[in-house]
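J.: from the sequence below, what's the structure:
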Amino acid sequence: MSGGLVLTVSILYLGLLFAIAQFVDHHAGKGRNFTRNAYVYTLSIAVYCTSWTFYGSVGLAATQGFDFLPIYLGPTLVFVLWSVVWVKIVRICKVHRITSIADFIASRYGKHARLGGLVTIIAVIGTTPYISLQLKSIATSFRILVDSADGQFLNSANDMIYFVDTTLIVALILALFAILFGTRHIDASEHHEGLVAAIAFESVVKLIAFLMVGFFVTYGLYGGFADLFERAREHGLDTLFAVNAEGNYSRWITMTLLPMAAIICLPRQFYITAVENPDESFLRKATWLFPLYLLVINVFVLPIALAGRIAFDGVSADADMYVLTVPLINDQALLALIVFVGGLSAATSMVIVASIALATMICNDLIMPLLLRTRGLNINKNDDLTGLLLTIRRISILIILFLGYIYYLFASESYSLVTIGLVSFAGAAQFAPLILVGIFWKGASYQGAITGLALGFVVWTYTLLLPSFAQSGWLPLSFIEDGPYGITFLKPYSLFGLDVFDRLTHSLFWSMFVNIGALWTVSLLSRQTAIERIQGALFVDVFVHTDDERDSRYWRGSATVSDLQQLVGRFVGMQRAAKAFDEFASERNINLKRNQSADAALLDFAEKLLAGAIGSATARVMVGTVVKGEIVGLDEVYRILDETSQVIEYSHRLEQKSAELEQATAQLRTANERLKELDSLKDHFLSMVSHELRTPLTSLRAFGEILVDNPEVSQEERERFLNVIVKESSRLTRLIDQLLDLARMEAGEMDWSLSAVDVEGAISEAMAALDGLIQENGVVVRVDIPQGLRPVRADRDQLMQVVINLVSNAIKFCDKSEGHIEVTVGVADKGLQVSVADNGKGIPDDMIERVFDKFHQSIGRSGDKPQGSGLGLAICREIITFFGGKIWVANRSEGGAIFTFTLPDAELADVQLSAE
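T.: Predicted structure coming up:
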C-alpha cells in the first residue's frame with residue numbers, strides 16, 4: 001500500500017480528532033456541554049483498551065488461548081463488584097480538587113510534596129514502556145501496510161521511510177495533539193470537554209474496526225464460530241480452546257490482580273475516570289456499560305487468533321499483528337486500512353491521555369515544589385505565572401513522548417505487546433496499597449506510605465524493568481542468568497531462591513510483600529502528624545465531611561482579600577481569580593473588600609483554586625506564605641498546622657457526630673475541671689517544693705555568712721552553727737531523695753526485690769534509725785509487736801522507709817508538750833497490719849482523702865503553717881501499693897491520727913503470683 005496514502009489517512013484521521021475536540025470545546029464555552037453524558041463518559045474510560053487490546057490480545061490468544069481473559073476480567077470485577085472504590089475516589093477528587101494520582105496520594109498522606117514527587121517519578125518510569133508499546137504498534141502496523149508484499153509481512157519497524165523514522169513522527173504528532181487539547185486550561189482539575197469527546201470517539205472507532213475484522217473472519221472467511229473452531233481443531237489448535245490449559249493458576253491470579261490495580265492506578269485511568277468525571281451519578285451507568293464494552297471488543301479475539309494461526313501455518317508472522325495481516329493476506333486492503341485506523345485510535349488515545357496526566361504530575365508534584373524549595377519562584381513578586389505553568393506542562397509532554405520513543409528503540413523489540421504492558425501494570429500496581437489503604441484506614445502514615453512505595457518500586461525495577469534491558473542487550477545477560485556479580489541468590493527472576501512462580505507473579509509477589517509490609521509496619525510504629533490525621537479523616541470519612549466548611553478552620557492567621565486574590569491570580573489568571581472570588585461572595589451573600597481580612601473559609605476556597613492549578617501540596621504552601629506574611633517552606637507550614645489542628649480535629653468530630661454531643665460535652669466539662677484542679681495542685685506543689693528547698697538553702701547560706709563574716713565567733717558557737725548546717729543539709733538531701741524516689745516510682749524504674757521479710761526486725765531497725773529524732777523532740781514511742789508473726793512479701797529497705805516516713809510524720813504533729821506515738825502490729829486477713837498513731841490534733845475531714853496525694857502539702861492539722869513537703873506520704877502509698885497492700889488514715893476518737901497499712905503474707909502472695 002502506498003506510504004503516502006497511509007500517511008494521508010493518518011493525518012486526516014488525527015485532523016478529525018482535532019476538529020471534534022475543537023467543536024466540543026467551542027460549544028462548551030457557550031454552555032453546551034456535549035460530554036456531560038454518561039455514555040460519553042463511559043466511552044472515555046475505554047481508553048483502557050489500547051493497542052494492547054487491539055493487537056496484543058490476539059497475539060496472546062494465538063499462543064495461549066483464553067489466557068487473555070484475565071486482563072479484562074480484573075477491571076470488570078472492580079466496576080461490577082467493587083464500584084464503591086471508584087465512587088469514593090471520585091468524591092474525594094471533587095471535594096479536594098485533585099488533579100492527578102500523585103496529587104491524590106500526596107494529599108491523603110499529609111500533603112507532602114516528596115511523596116507526590118516519588119509517585120510522579122514512578123508513574124513516568126512505569127508508563128514509559130506502555131507508551132513505547134503504542135508507538136511500536138503504530139510503527140509496526142504502518143510498516144506492514146507500506147512495505148509488505150507477496151505475502152511477506154515484515155516484523156521490524158525500525159527502518160526508515162523516506163529517510164524519516166515514522167515512529168518519531170507519530171510521537172511528535174501525538175505530543176502536538178496532547179499539547180493543544182490537554183494544556184489549554186491552567187486548572188488541571190477543570191474538565192477538558194474537547195479531549196474527552198475525542199477519546200470517546202476513538203473508543204467507538206477502535207470498537208467498530210475490531211468488530212469489522214471479527215465479522216469478516218468469522219462469517220466472511222468461515223461459516224461462523226462452529227466452522228472456524230472445527231477448522232482450528234483440524235489444524236491441531238484445539239489446545240487454545242481450554243481455559244488455563246497449562247494449569248498455571250498463579251499466573252491467572254496475577255493476570256487478574258494486576259488489571260484490577262491498573263484500572264485504578266494507571267495515571268491515565270485515574271485521570272479520565274476520576275479527574276474528568278463530570279457527575280458522580282455517571283458511575284452507576286459505567287458499572288455495567290464499561291464491562292459490556294470490554295465483553296463486546298473481546299468477542300472476536302480468539303476467532304481472529306485462530307484464523308491467523310490457520311492462515312500463517314508454517315509461515316513466520318507476528319501474531320500481535322494478525323488483526324491487520326489476516327485482511328491483507330485475503331486481499332482486503334480497505335479493511336486493512338480501517339484496521340490501521342482502529343489501531344491508531346487505540347494507541348493515540350492512550351498516549352494522549354497518559355502524557356497529559358503525567359505532564360500535570362511533573363509540573364505540580366516535581367517542578368513546582370522544586371522551585372519553591374530552591375526559591376526559584378519569588379513569591380513576593382506579582383508576575384503572572386500561568387504561562388510558566390503551561391510551558392512546563394507542554395515541555396513535559398514532549399519529554400514523556402521522547403522517553404517512550406527511546407524505550408521503543410532500546411528495549412521494545414525484545415518483548416511482545418502484552419509483556420510490555422504487563423511490566424507497566426506491575427509498576428502502576430505499586431500505588432494500589434497507598435490508595436486502597438488510604439481511603440479505608442485512617443492510621444496509614446506518610447512515613448509508612450513513602451517507605452512502602454519506595455521499596456516496592458525498587459523491587460519492581462530490579463525484578464522486571466532491569467531484566468528487560470538485559471534481554472535487549474543494554475545490560476549483561478549474566479545479570480539475569482547468574483545474578484549481579486554472580487550472586488545467584490539475587491537473580492532477578494528467582495530472588496532469594498524463590499523460583500516456583502513465573503516472572504510476572506514473582507515480581508508482583510516480592511514488590512507487594514515489601515510494599516504492603518512496610519506501609520503497615522512503619523505506619524504502626526510511626527506517629528502521624530496533625531495534618532496527616534486531618535487528611536486521613538477527610539479521605540476515609542469523605543461522605544461525612546462534605547460541607548463547604550469541612551476544613552476551613554484549619555487555617556490560622558490572617559491575610560487581606562487583595563493579597564489572597566493576587567496570589568491566586570498569579571497561577572490561574574487574574575480575570576479567572578476575580579471571577580471566582582466574586583462568585584464566592586455572591587454565593588454567601590457577602591461583600592468582599594480588598595483590604596479586609598480573609599476569613600478561614602475564604603482561605604480554604606483560595607487553596608482549592610490553587611490546588612487545581614499547582615496541586616494540593618504546593619497550594620497549601622503558597623496560601624501559607626500569604627497567611628504568614630513571609631516566605632516559608634513546606635516544613636514550616638506543616639509545623640503551624642501541627643500546633644493547632646489536634647484541637648480542631650476534635651472539635652470537628654464533635655460537630656459531625658451530633659448524636660454524641662451531650663456525652664462529649666460532659667466529658668469535656670469534666671476534663672476541664674480536672675485540668676483546673678491539676679493546674680491548681682501543680683502550682684501548690686511547686687510552691688511547696690520551692691519553699692522546702694529554699695528553707696534549708698537559706699539556713700545554710702545564713703549560717704555560712706555568719707561564720708565567714710564573724711571570725712571572732714567562739715568555738716562553742718561555731719560548733720553549734722556547724723551542727724545546724726549538718727542538720728539542714730540532711731534535710732535538703734532527704735527532700736531531694738524523696739523527689740527522685742517518687743519520679744522513679746512513677747516511671748516504673750523501681751529495682752526492688754520482693755522476698756519474705758521479718759516485720760519485727762524491719763521495724764526495730766527503722767526505729768533505731770529514728771532514735772536521734774525521737775530524743776531531740778522528746779517524744780515517747782511505744783512499739784507493740786507480737787511474737788511468732790509470719791513473714792510478709794516486701795522489700796526490707798522500702799518497708800523500713802515506710803515506717804520511718806510514718807513515724808517522722810507522727811513526730812511532727814503529735815502533742816508538743818507530751819508527745820506520744822504508738823506503733824502496733826497485728827494479724828490481718830491474708831497478712832499483717834501495721835499502725836502508727838499519734839496524740840496530735842488529728843486531720844481535718846476535708847484533708848483525709850488527700851493526705852497521700854503527691855501534690856498535697858502537709859499543712860498543720862489545725863491550719864497552721866506548712867510543715868513538710870508531703871512527699872513522704874505519697875512515697876509510702878506507692879511502696880505499699882507495689883507490695884500489694886493498702887494504706888489509709890483516720891482520726892482517733894481520743895485525739896490524733898492513726899496511719900494504717902497492710903502487707904500480704906509471703907507464702908500466700910507466692911501462691912497467688914503462681915496462679916496468675
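
J.: quick one: low-confidence parts of the stretch 1-150 of the chain?
T.: Low-confidence segments of the stretch 1-150 of the chain, defined by pLDDT under 70, span residues 29, 31-32, 148-150.

J.: all helices of it, in order?
T.: 3-28, 38-45, 51, 57-64, 70-81, 83-96, 101-108, 113-147 (DSSP state H, counting those that start in this stretch).

J.: any idea which of those is most buried?
T.: Between the helices of the stretch 1-150 of the chain, the one whose residues have the most neighbours on average, counting mean count of other C-beta atoms under 10 Å, is helix 51 (a mean of 32). Every C-beta, even on glycine, is put in place using the N, C-alpha and C of the backbone.

J.: so how far is it off the chain centroid?
T.: Offset of helix 51 from its chain centre (C-alpha atoms, centre = their mean, to the nearest Å): 34 Å.

J.: re earlier: tell me which of the helices of the stretch 1-150 of the chain sits nearest to residue 224.
T.: Ranking those by distance to residue 224, with C-beta to C-beta as the measure, places helix 57-64 first at 18.4 Å.

J.: okay, that closest one in CSV with CA atoms only?
T.: Written as CSV, here are the backbone C-alpha positions of helix 57-64 (Å, rounded to 0.1, in the frame of the first residue of the first chain):
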residue,chain,number,x,y,z
SER,A,57,-4.7,-9.7,23.0
VAL,A,58,-4.9,-11.5,19.6
GLY,A,59,-1.2,-12.2,19.8
LEU,A,60,-1.6,-13.7,23.3
ALA,A,61,-4.7,-15.7,22.3
ALA,A,62,-2.8,-17.1,19.3
THR,A,63,-0.3,-18.8,21.6
GLN,A,64,-2.1,-19.3,25.0
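
J.: just checking, what packs against it?
T.: The elements that helix 57-64 packs onto, with contact taken as 3 or more C-beta pairs under 8 Å, 6 or more residues apart in numbering; DSSP states H and E, are helix 301-311, helix 322-329, helix 417-428.

J.: can you add distance to residue 421 and give the helices of the stretch 1-150 of the chain back as TSV?
T.: As requested, the helices of the stretch 1-150 of the chain are arranged in TSV below (distance: least, C-beta to C-beta, whole Å):
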stretch	distance to residue 421
helix 3-28	23
helix 38-45	17
helix 51	9
helix 57-64	10
helix 70-81	8
helix 83-96	22
helix 101-108	18
helix 113-147	6
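
J.: tell me which of those helices lies nearest to residue 212.
T.: Taking C-beta to C-beta as the criterion, helix 57-64 is the member of the helices of the stretch 1-150 of the chain that comes nearest to residue 212, at 14.1 Å.

J.: what is the orientation angle of the closest one with helix 301-311?
T.: With axes from the mean of the first three to the mean of the last three C-alpha atoms, to 10 degrees defining the directions, helix 57-64 sits at 60 degrees from helix 301-311.

J.: and the angle from helix 57-64 to helix 322-329?
T.: 90 degrees.

J.: so which of the helices and strands packed on helix 57-64 is nearest residue 839?
T.: Relative to residue 839, the nearest member of those by C-beta to C-beta is helix 417-428, separated by 84.8 Å.

J.: quick one: contacts of the helix or strand just after that closest one?
T.: Counting by DSSP states H and E, the next helix or strand C-terminal to helix 417-428 is helix 432-440. Contacts with helix 432-440, where a contact means C-beta atoms under 8 Å, 6 or more residues apart in numbering, come from 85, 88-89, 92, 101, 104-105, 108-109, 261, 264-265, 444, 449, 452-453, 456, 512, 515-516, 519-520, 536, 539-540, 542.

J.: now with 6 Å, please.
T.: Helix 432-440 is touched from outside by 88, 105, 108, 261, 265, 444, 449, 515, 516, 519, 539, with contacts defined as C-beta atoms under 6 Å, 6 or more residues apart in numbering.

J.: got the confidence number for residue 683?
T.: You'll see residue 683 listed with a pLDDT of 48.

J.: cool, residue 690 as well?
T.: According to the model's per-residue confidence, residue 690 sits at a pLDDT of 44.

J.: how about the helix or strand hosting residue 196: buried residues?
T.: In this structure, residue 196 is located in helix 193-215 according to DSSP H and E. Applying a neighbour-count criterion of 16 or more other C-beta atoms under 10 Å, one finds 193-203, 205-207, 209-210, 212-214 buried in helix 193-215.

J.: so which elements touch that helix?
T.: helix 3-28, helix 38-45, helix 166-182, helix 333-362 (3 or more C-beta pairs under 6 Å, 6 or more residues apart in numbering; DSSP states H and E).

J.: residue contacts, residue 309?
T.: Here residue 309 is in contact with 62, 237 (criterion: C-beta under 6 Å, 6+ apart).

J.: go on, residue 398?
T.: Neighbouring residues of residue 398 by C-beta under 6 Å, 6+ apart: residue 175.

J.: for residue 177, see how far away it is.
T.: 12 Å (C-beta to C-beta, to the nearest Å).

J.: also residue 254?
T.: For residue 254, the distance to residue 177 (C-beta to C-beta) stands at 34 Å.

J.: kindly format the C-alpha coordinates of the helix holding residue 196 as PDB.
T.: In PDB, the C-alpha atoms belonging to helix 193-215 read as follows (Å, rounded to 0.1, in the frame of the first residue of the first chain):
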ATOM      1  CA  GLU A 193     -14.600  18.600  27.200                       C
ATOM      2  CA  GLY A 194     -12.900  18.500  23.800                       C
ATOM      3  CA  LEU A 195     -10.300  16.000  24.900                       C
ATOM      4  CA  VAL A 196     -12.900  13.700  26.500                       C
ATOM      5  CA  ALA A 197     -15.100  13.900  23.400                       C
ATOM      6  CA  ALA A 198     -12.200  12.900  21.100                       C
ATOM      7  CA  ILE A 199     -11.200  10.000  23.400                       C
ATOM      8  CA  ALA A 200     -14.800   8.800  23.400                       C
ATOM      9  CA  PHE A 201     -14.900   9.000  19.600                       C
ATOM     10  CA  GLU A 202     -11.700   7.000  19.300                       C
ATOM     11  CA  SER A 203     -13.300   4.300  21.600                       C
ATOM     12  CA  VAL A 204     -16.100   4.000  19.100                       C
ATOM     13  CA  VAL A 205     -13.700   3.800  16.100                       C
ATOM     14  CA  LYS A 206     -11.500   1.100  17.600                       C
ATOM     15  CA  LEU A 207     -14.500  -1.000  18.600                       C
ATOM     16  CA  ILE A 208     -16.100  -0.700  15.100                       C
ATOM     17  CA  ALA A 209     -12.800  -1.500  13.400                       C
ATOM     18  CA  PHE A 210     -12.200  -4.600  15.600                       C
ATOM     19  CA  LEU A 211     -15.700  -5.900  15.100                       C
ATOM     20  CA  MET A 212     -15.400  -5.500  11.300                       C
ATOM     21  CA  VAL A 213     -12.400  -7.700  11.300                       C
ATOM     22  CA  GLY A 214     -14.100 -10.200  13.600                       C
ATOM     23  CA  PHE A 215     -17.200 -10.400  11.400                       C
END
